[in-house]
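[1] A structural model of the following input is requested.
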Amino acid sequence: MNKPRNELDATDRTILRLLQQDGTLSNPKLAEQLSLSVTPCWRRLKRLEDDGYITGYQANLDRRKLGLDVLAFVQVSFGAHGGELPNQFEAAMLAQPQVLSCHKITGDADYLLQVVAQSLDDYSQFVEQVLRRLPGVSAIHSSLALREIKAGSRLPLP
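    Presented below is the predicted three-dimensional model:
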């Protein structure tokens with residue numbers, strides 16, 4: 001019954017799709033939508049969690065209603081790429097709640113961050129008090145979002 005890690009059938013994909021739309025679906029309601037009994041549905045869900053397809057559950061929040069009006073995309077470059085400096089930077093980003101995402105990238109910069117702040121002053125303070133103080137950082141380029149067209153974390157499922 002255990003399938004190879006990357007092999008999902010149509011029911012597995014439907015479970016993932018339904019849970020991306022509503023992570024609060026109970027197992028009985030999920031089973032009903034799939035026309036499965038509760039136990040086989042629970043087994044499939046548990047396998048998807050155990051295999052790492054489902055990494056957690058969370059509510060999607062409106063950042064603006066929470067007073068987080070600034071959304072910045074920040075490119076960070078390092079002067080030297082060896083040693084522990086990149087690891088220290090990554091650890092520092094993991095500890096910053098206003099950093100929504102941090103990606104090591106190719107191109108002109110070394111990292112791309114997505115950062116939220118209440119105001120431009122708060123964002124400026126983050127840059128000055130956090131980013132500029134990290135050893136090895138040689139350049140910081142910020143792009144502020146003027147308007148959010150689409151934001152989400154739902155993955156396309158074939």
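[2] specify the local secondary structure of the residue nearest the centre of the chain.
    By Cα atoms, centre = their mean, the chain has its centre lying nearest to residue 101, at 5.7 Å. Here residue 101 is recorded as strand under DSSP: H, G, I helix; E, B strand; the rest coil.
[3] show me where this protein has its helices.
    In the chain, the segments counted as helices under DSSP state H are 10-21, 27-34, 38-50, 85-94, 120-129.
[4] list the buried residues of the last one.
    I take that to be helix 120-129. By 16 or more other Cβ atoms under 10 Å, the buried positions in helix 120-129 come out as 123, 126-127. For every residue, glycine as well, the C-beta is placed using N, CA and C.
[5] for residue 110, state which of those residues is nearest.
    residue 127 (16.3 Å; Cβ to Cβ).
[6] neighbours of the closest residue to the closest one other than its chain neighbours, how many?
    The spatially closest residue to residue 127, leaving aside those adjacent along the chain, is residue 140, at 6.3 Å (Cβ to Cβ, 6 or more residues apart in numbering). Counted by other Cβ atoms under 10 Å, the residues lying close to residue 140 total 16.
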